[in-house]
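Please find the sequence and the predicted model below.
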Amino acid sequence: MTDLSTLRFFRTPAHSCSYLEDRQASTLFVDPQAQLSPELYSELSLLGFRRSGDYLYRPHCDSCNACIPARVRVDDFRPRRRHRRILKNNADLAVNREPARFSRELYNLYAAYINDRHGDGDMYPPSEEQFTNFLTCEWADTHFYGFRQQGKLVAVAVTDQLGDGLSAVYTFFDPALPERSLGVMALLWQIEQCQRLQLPYLYLGYWIRQCQKMSYKSQYQPLEILASGSWKEQTEPSDSGS
């Protein structure tokens, strides 16, 4: 176990928040010169850190704590009717582990996704450098799980393996197939992959109740959130799709 007290951290200047309008955000990064490893990554995930490229970070804002680390307790997860329907609709897809590096096929799908779904965000426009710097990593145990329909790549789940689970880093998919709900399907598959690997948690990143793009994570119950230094179960009222 790493002595976390010896790590250095750097904080970014305040900048516009990507999720909540009219708010300022700041991010805490682990010193990029530190000896990063899957083991250290696992320890810091318990404290709410995430990976972006070769960097480990977590939100560190002065006047806001809306970004709450969240994870699914996979052994107790029960898919809703909507989830079961999505899995059934995508039963024809084959899943393969792709090399966790840049390729033209992967990038073309990524660029189509960013252009269609995030044209107004800070990831637009996509670039090959952005793809590599954001998704790949020299030191993490990273896997690209590719979902293919009759050989055609339609979705990719970028997933890191941790000591106690998997971390859902990012998913991109063919925006021309909205009827398949490929983003939901990929997350459900990662929950199943945790179960196959006998890992107790799927880490989802940050749950933000006030942000529609991030509040969906509460649909995957039982969801645990990191609050006041400890992980505890978060519950949301059930809906008609349960």
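Received the coordinates, thanks. In this text, all values refer to a predicted model and were calculated from it rather than measured experimentally.

Sketch out the low-pLDDT regions of this structure for me.
Flagging of the chain using pLDDT under 70 yields the residue ranges 1, 236-242.

quick one: Val158 and Leu135 touch, right?
Yes - between Val158 and Leu135 a contact is recorded at 5.1 Å, counting by Cβ atoms under 8 Å. Any C-beta I mention is one placed from the backbone N, CA and C, and that applies to glycine too.

Need the overlap of contacts for these two.
Counting by Cβ atoms under 8 Å, 6 or more residues apart in numbering, the contacts common to Val158 and Leu135 are 100, 142, 144, 169-170.

Where neighbours are concerned, which of these has the most?
Highest neighbour count within those, by other Cβ atoms under 10 Å: Val169, with 22 neighbours.

wait, is that one part of a strand?
Yes - counting by DSSP: H, G, I helix; E, B strand; the rest coil, Val169 falls inside a strand.

Surely it is in contact with Val158?
Yes - because the distance of 4.3 Å satisfies Cβ under 8 Å, Val169 is recorded as touching Val158.

Need the overlap of contacts for those two.
Common neighbours of Val169 and Val158 (Cβ under 8 Å, 6+ apart) are 135, 142.

List the contacts of the closest residue to Asn90 other than its chain neighbours.
Computed as Cβ to Cβ, 6 or more residues apart in numbering, the closest residue to Asn90 that is not its neighbour in sequence is Met185, at 4.6 Å. Counting by Cβ under 8 Å, 6+ apart, Met185 touches 86-87, 89-90, 93, 147, 155.

Would you reformat the residues you listed as TSV and include distance to Leu223 and secondary structure?
TSV is the format used below for these (distance: Cβ to Cβ, whole Å; DSSP: H, G, I helix; E, B strand; the rest coil):
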residue	distance to Leu223	secondary structure
Ile86	18	helix
Leu87	19	helix
Asn89	24	helix
Asn90	23	coil
Leu93	25	coil
Phe147	24	strand
Ala155	23	strand
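
Is Ile191 in contact with Tyr220, as I believe?
Yes - Ile191 lies in contact with Tyr220 (Cβ under 8 Å); the separation is 7.2 Å.

Name the residue in these two with the higher neighbour count.
For Ile191 versus Tyr220, the count of surrounding residues by other Cβ under 10 Å is larger for Tyr220: 25 against 22.

Could I get the phi/psi values of the nearest residue to the more buried one once chain neighbours are set aside?
Leaving out its chain neighbours, the residue that sits closest to Tyr220 by Cβ to Cβ, 6+ apart is Val72, at 4.8 Å. Note on Val72: backbone dihedrals following degrees, to the nearest 10 are phi -90, psi 130.

how far away is Val72 from Pro13?
Computed as Cβ to Cβ, to the nearest Å, the Val72 to Pro13 distance reads 33 Å.

what does Ser218 give?
Ser218 sits 31 Å away from Pro13, going by Cβ to Cβ.

Those two - which one has more neighbours?
Between Ser218 and Pro13, Ser218 has the larger neighbour count (other Cβ under 10 Å), namely 17 against 7.

how about the more buried one, secondary structure?
helix.

right, and it touches Leu204 too?
No - if you go by Cβ under 8 Å, Ser218 and Leu204 don't touch, sitting 9.9 Å apart.

Now Leu199: closest residue in space that isn't a chain neighbour?
Gly165 (4.6 Å).

Show the contacting residues for that neighbour.
45, 71, 74, 194, 199-203.
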